[in-house]
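J.: Compute the structure for the input listed below.
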Amino acid sequence: MSETLSRAGLDSSAIEIVDAIAAKKLSAVEATEEAIARIEARDGPINAVVVRDFDRAREQAKAADAALARGERRPLLGLPMTVKESHNIAGLPTTWGVPDAKGWIAQRDSIGVERLKAAGAVILGKTNVPMFLADFQTVNALYGRTNNPWDLSRGPGGSSGGGAAAVAARMVPLEFGSDIGGSIRNPAHFCGIYGHKPSWNLVPQRGHTPPFVPDTGTGVVLGVIGPLARTAADLERALDVLAGPDELEGVGYQVALPPPRHGRLADFRILVLDQHPIARTAAEIRAGLNGLAGKLETLGAKVARSSGLLPDLAAERREYGAMLDVAMTRGRPDVQTVSAHEWMAMLDQQMASRRRWAALFEAFDVVLTPVIGMAAFPPIDTNRPTRAIEIDGEEGPYFDQLGWAGMATYPNLPATVAPLGRTKSDGLPFGVQIVGPCLEDRTTIAFAGLLEREFGGFTPPPGY
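T.: So this is what the prediction gives:
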């Protein structure tokens, strides 16, 4: 390992690494070899990077250095990173953690992976997921359980848990995940990093399709794909690479996301919500959120703790749950189906929700909420027919915790997670969810970046 790399290599942000490679302070090959060495040295007890593609990554790194020698510059040129197991990479398995999909090998890259490679990223391999991406834990019968680098007796969240753990343990600076029920946001919260759930369909989903479902490119209703990183700026760099219509719509559509609404925290109009009618939330997490609200008020921001414009969160959680059940069970045998007319009624309800939230964002710029109701928790038996989760000494239904994530997912809103604090009892990280207007992804990411600049951001787990 070079002296330059040991000083400012993979501990730097993705943008800093790309800039260092472009400035020839280190090579893409050096950065890739260091990432491989870190995975081999650190991943054993974490079990995050479960599909490794190191030989091809080395070839990609050599190609990146050759491109740099020719004078080429790309947004991620030479950057080593990982992607979630559910994204297709040609020549590698894509199982979504489902045993019956074992041995299925992708024939081509997903559109997201294509864009990352075109931007110069070096793909080291794929990270672990729960079966069908359907849990707050990351464990499956094919690859086993992933553990949280902050506390190996606890999970990193799900379903992008492997990726979040790899980023937090500083094995890689960037991960490509997915989210339909908090699957980017919850792991970012549990692992103390940044994550962004884009507005729906901002990043096409072709090549990110459940097993046994035709990969036509239609994508999963409610589902999105997006980045996890250790800085807010890295989220924006990755989103710039990933965003844009698929080839069919690209004939007539282009992405022109509006700039952030404001450049200073003092100028934001903020609604803070610390309680959900269904998703119970630990007092310590609520206190952290309210402490942030107080700091923002001190800086001059306009902060409200309630609004008559807020939709009925309990009703929307029920409507979201109904749509989610359809989306998550497509292609599975022996599931209850809905009629076409029932589905159209669900879409009507969702559009009504989108309009309600659009009206709220005429009065507010962002909504701040908990990400999920607790910090990282120990394993819970995935085979129990009715699971419960403990919050402040009381058990409650496990999937009630979809409430905070669904608040942004159901109306197709962007949501960015930023580190907020650590629990006093266990020192575990927790984050804040920053929800913004549809297709104003730059506003939520910019707000996360302003929080980072004002109050600090990622800190590594002890030992990593």
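J.: what ranges do the helices span in the stretch 101-250 of the chain?
T.: Listed in chain order, the helices found in the stretch 101-250 of the chain under DSSP state H, counting those that start in this stretch are 111-118, 161-168, 185-191, 232-242.
J.: Show me the shaky parts of the stretch 101-250 of the chain.
T.: Residues of the stretch 101-250 of the chain meeting the criterion pLDDT under 70: none.
J.: returning to that earlier point: out of the helices of the stretch 101-250 of the chain, nearest to R269?
T.: Nearest to R269, of all the helices of the stretch 101-250 of the chain, is helix 232-242, at 19.8 Å by Cβ to Cβ. Heads up, the C-betas are built off the backbone N, CA and C, glycines and all.
J.: and the helix or strand following the closest one, what does it pack onto?
T.: Once helix 232-242 ends, the next helix or strand along the chain (criterion: DSSP states H and E) is strand 269-272. Secondary-structure packing of strand 269-272 (3 or more Cβ pairs under 8 Å, 6 or more residues apart in numbering; DSSP states H and E): helix 283-299, strand 302-304, strand 366-370.
J.: For the first one, which outside residues touch it?
T.: Going back to what we said before, that points to helix 283-299. The set of residues that contact helix 283-299 without belonging to it, under Cβ atoms under 8 Å, 6 or more residues apart in numbering, is 265-266, 268, 270, 272, 274-275, 303, 305, 368-370, 373-375, 392, 420-421, 423-424, 430, 432, 451, 454-455.
J.: buried subset of these?
T.: A residue is treated as buried here by neighbour count (16 or more other Cβ atoms under 10 Å); on that basis the buried members of the contacts of helix 283-299 are 265, 268, 270, 272, 274, 303, 368-370, 373-375, 420-421, 423, 430, 432, 451.
J.: mind listing what E440 touches?
T.: Counting by Cβ under 8 Å, 6+ apart, E440 has contacts S199, L257, P258, R261, F361, P414.
J.: which of the residues you listed has the most neighbours?
T.: Ranked by neighbour count under the definition other Cβ atoms under 10 Å, the contacts of E440 are headed by P414 with 28 neighbours.
J.: Quick one: end-to-end distance for stretch 189-199.
T.: Using Cα to Cα, to the nearest Å, the end-to-end distance of stretch 189-199 comes to 19 Å.
J.: All further residue positions should be reported with the first residue as 709.
T.: Let's use 709 as the start, then, which means that last one is stretch 897-907.
J.: quick one: that stretch to chain centroid distance?
T.: In terms of Cα atoms, centre = their mean, to the nearest Å, the gap separating the centre of stretch 897-907 from the centre of its chain is 5 Å.
J.: those strands in the stretch 709-858 of the chain, which residues are they?
T.: Counting by DSSP state E, counting those that start in this stretch, the stretch 709-858 of the chain forms strands over residues 757-760, 788-792, 830-835, 847-848, 852-853, given from the N-terminal end onward.
J.: I'd like those laid out as JSON lines, including mean neighbour count and distance to E780.
T.: Supplementary listing: the strands of the stretch 709-858 of the chain in JSON lines, determined by neighbours: other Cβ atoms under 10 Å; distance: least, Cβ to Cβ, whole Å:
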{"stretch": "strand 757-760", "mean neighbour count": "22", "distance to E780": "27"}
{"stretch": "strand 788-792", "mean neighbour count": "30", "distance to E780": "18"}
{"stretch": "strand 830-835", "mean neighbour count": "28", "distance to E780": "14"}
{"stretch": "strand 847-848", "mean neighbour count": "24", "distance to E780": "39"}
{"stretch": "strand 852-853", "mean neighbour count": "14", "distance to E780": "40"}
